[in-house]
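S.K.: Build me a structure from this.
(2 chains)
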Amino acid sequence: MTGVHGMHELAIAESVIEAVRDKTGERTVLTVRLEVGRLSGVLVDSLQFCFMLAAADTPLAGAELQIHQPAGVARCASCGAEFEVTDLILLCECGSFDVEVLTGQQLLINSVEVG
Amino acid sequence: MCATCGCGQPGMRLVVLAEGAGKPPEHPHQPEQPHQQQHPHQPEHPHQHQHEHEHEHPDDQRHRPAPETISLERRVLDHNDRLAETNRAWFAEHGLLAVNLMSSPGSGKTTLLVRTVTDLLPSLGMSVIEGDQETTLDAERLAATGCPAVQVNTGSGCHLDAGMIERALGPLCPPAPGVVFIENVGNLVCPGLFDLGERERVVITSVTEGADKPLKYPAMFHSASLVILNKIDLAPYVDFDDAAFARAVSMVSHHAQVLRLSATTGAGLAAWYEWLQIRVKTQPISP
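M.R.: Residues are numbered from 1 along each chain as shown, chains lettered A, B, ... in the order given. Model (predicted):
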């Protein structure tokens, strides 16, 4: 399954490059800062590798990908507690599975540093 | 290559097996314009000229602009998400229920679809967009039932994206009102990340795959509004633990409904047909 994992990260890496180039055009990009929620389903090692490949021959070639991975936040519908989650196995301390994910699935480009 | 909307993507191919009688969407997406700006650089021959002499550049640093931070605060899949919203609005406007069907390969998606369109086609408008890496086998099976069907081959791609759906809808001409089934590429990981503009996400798994699939692929099951457990006729032969399966689904999703059926024997299909009929009749309030 590693091949399959690598593939959507390639699509994500290419989307990052396109979105950045929309904004920066031909300027050399030194750093790209991403926010990849822990519940997003994206493997950051795989994303780093795919980004390196996909950025070749673009103004992002060699750019550093800085990835911030915030934990998710969920709320229990049974007891009302809000708590941190790092995967999608959603169990509240009160024993309820009736848990709604509030954040943690986001894939955002925060900022870039251009030369 | 554009990975997000599929336009200009050399790997993608579209094969129309059977057109519908409905209207094709007007093409809202104009890939030429943004993409002219996105690929201006042709790096094939960066060094055609000869370096006959070396220049002295003592003041190189002064010409180089200082690094500058530019804030983007943009979703990585913004382009795909915007195309998906366009698709969603188009489906709603035309009274079409778009259902994104996702599963691992071999769970019986196509068998369930063939059975569904065979049983419901006289009473319900239906059409199918088939996604596979290669071959038109699935769309041929669907088209043989008389249902409009278009095959999208993603080549090396592991999922469908919103741009591919937008391009497939033109030749599909889905009959409306009714259902547009989108059979995603068989894969429980990647398709979950890409909004196609569907109204419902259905994950199909089967008793032969074991009861723990929801825990192994939680993101996919979490995103589904309906989980179908297929091949229940085989349960006695494969030692399937249904209670463990129900618990696994509830651990990753408190909202997903679960239907158990066999596309081969027809057991449990009535509840699936009812699920579809209710949703075709209930259109979203604001598209």
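S.K.: Share the number of residues neighbouring the residue nearest to A:Thr28 when sequence neighbours are not counted, please.
M.R.: Nearest residue to A:Thr28, sequence neighbours excluded (CB to CB, 6 or more residues apart in numbering or on different chains): A:Gly115, at 4.1 Å. C-beta coordinates here come from the backbone N, C-alpha and C atoms, glycine included. With neighbours defined by other CB atoms under 10 Å in any protein chain shown, the count for A:Gly115 comes to 14.
S.K.: ditto for B:Arg82
M.R.: Using other CB under 10 Å, B:Arg82 has 16 other residues around it.
S.K.: Show me what counts as buried in the host helix or strand of it.
M.R.: Taking DSSP states H and E as the definition, B:Arg82 sits inside helix B:78-93. By 16 or more other CB atoms under 10 Å in any protein chain shown, the buried positions in helix B:78-93 come out as B:78-84, B:86-88, B:90-92.
S.K.: Is any residue of it near chain A?
M.R.: Yes: contact check for helix B:78-93 against chain A, using CB under 8 Å from any CB of the partner chain: residues in range are B:78-80.
S.K.: May I see these arranged in JSON lines, with pLDDT as well?
M.R.: JSON lines is the format used below for the residues of helix B:78-93 next to chain A (pLDDT from 0 to 100):
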{"residue": "B:Asp78", "pLDDT": "93"}
{"residue": "B:His79", "pLDDT": "93"}
{"residue": "B:Asn80", "pLDDT": "95"}
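S.K.: List the contacts of B:Asn230.
M.R.: By CB atoms under 8 Å, 6 or more residues apart in numbering or on different chains, the contact list for B:Asn230 reads B:107-108, B:112, B:204-207, B:261-263.
S.K.: out of the residues you listed, which are inside strands?
M.R.: Counting by DSSP state E, the part of the contacts of B:Asn230 found in strands is B:204-206.
S.K.: Just put those residues in TSV and tack on distance to A:Thr103, pLDDT and neighbour count.
M.R.: As requested, the ones in strands among the contacts of B:Asn230 are exported to TSV (distance: CB to CB, whole Å; pLDDT from 0 to 100; neighbours: other CB atoms under 10 Å in any protein chain shown):
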residue	distance to A:Thr103	pLDDT	neighbour count
B:Ile204	29	98	27
B:Thr205	27	98	27
B:Ser206	33	98	25
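S.K.: just those now: which is nearest A:Leu43?
M.R.: The closest of the ones in strands among the contacts of B:Asn230 to A:Leu43 turns out to be B:Thr205 (CB to CB; 22.3 Å).
S.K.: So what sits opposite that closest one in the bridge?
M.R.: In this entry, B:Thr205 is beta-bridged to B:Leu229, by DSSP bridges.
S.K.: re the thing from before, could I get the ones in strands among the contacts of B:Asn230 in a markdown table, plus columns for distance to A:Ser46?
M.R.: Shown next, in a markdown table, are the ones in strands among the contacts of B:Asn230 (distance: CB to CB, whole Å):
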| residue | distance to A:Ser46 |
| --- | --- |
| B:Ile204 | 26 |
| B:Thr205 | 24 |
| B:Ser206 | 28 |
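S.K.: Looking at those residues, which is nearest chain A?
M.R.: Closest approach to chain A among these (CB to the nearest CB): B:Thr205, at 15.8 Å.
S.K.: these two touch, right, the closest one and B:Val227?
M.R.: Yes: taking contacts as CB atoms under 8 Å, B:Thr205 lies within contact range of B:Val227: 7.0 Å.
S.K.: Residues that sit against both of these two, list them.
M.R.: By CB under 8 Å, 6+ apart, the residues touching both B:Thr205 and B:Val227 are B:Pro214.
S.K.: what's near enough to touch B:Cys147?
M.R.: B:Cys147 makes contact with B:18, B:117, B:121, B:126-128, according to CB under 8 Å, 6+ apart.
S.K.: re the thing from before, now, which of the contacts of B:Asn230 sits nearest A:Ala19?
M.R.: Distance to A:Ala19 across the contacts of B:Asn230 (CB to CB) is lowest for B:Ile204, with 32.3 Å.
S.K.: Please list the residues of the stretch 101-250 of chain B that sit near chain A.
M.R.: B:156-159, B:161, B:187, B:189-190, B:192-194, B:215, B:218-219, B:222, B:250.
S.K.: buried subset of the residues you listed?
M.R.: By neighbour count, with 16+ other CB under 10 Å, those hold B:157-159, B:161, B:187, B:189-190, B:192-194, B:215, B:218-219, B:222, B:250 as buried.
S.K.: Between the residues you listed, which sits nearest B:Ala244?
M.R.: Of those, the one sitting nearest to B:Ala244 (CB to CB) turns out to be B:Leu215, at 9.4 Å.
S.K.: thinking the closest one is in contact with B:Met251, fair?
M.R.: Yes: here B:Leu215 reaches B:Met251: they are 6.6 Å apart, a contact under CB under 8 Å.
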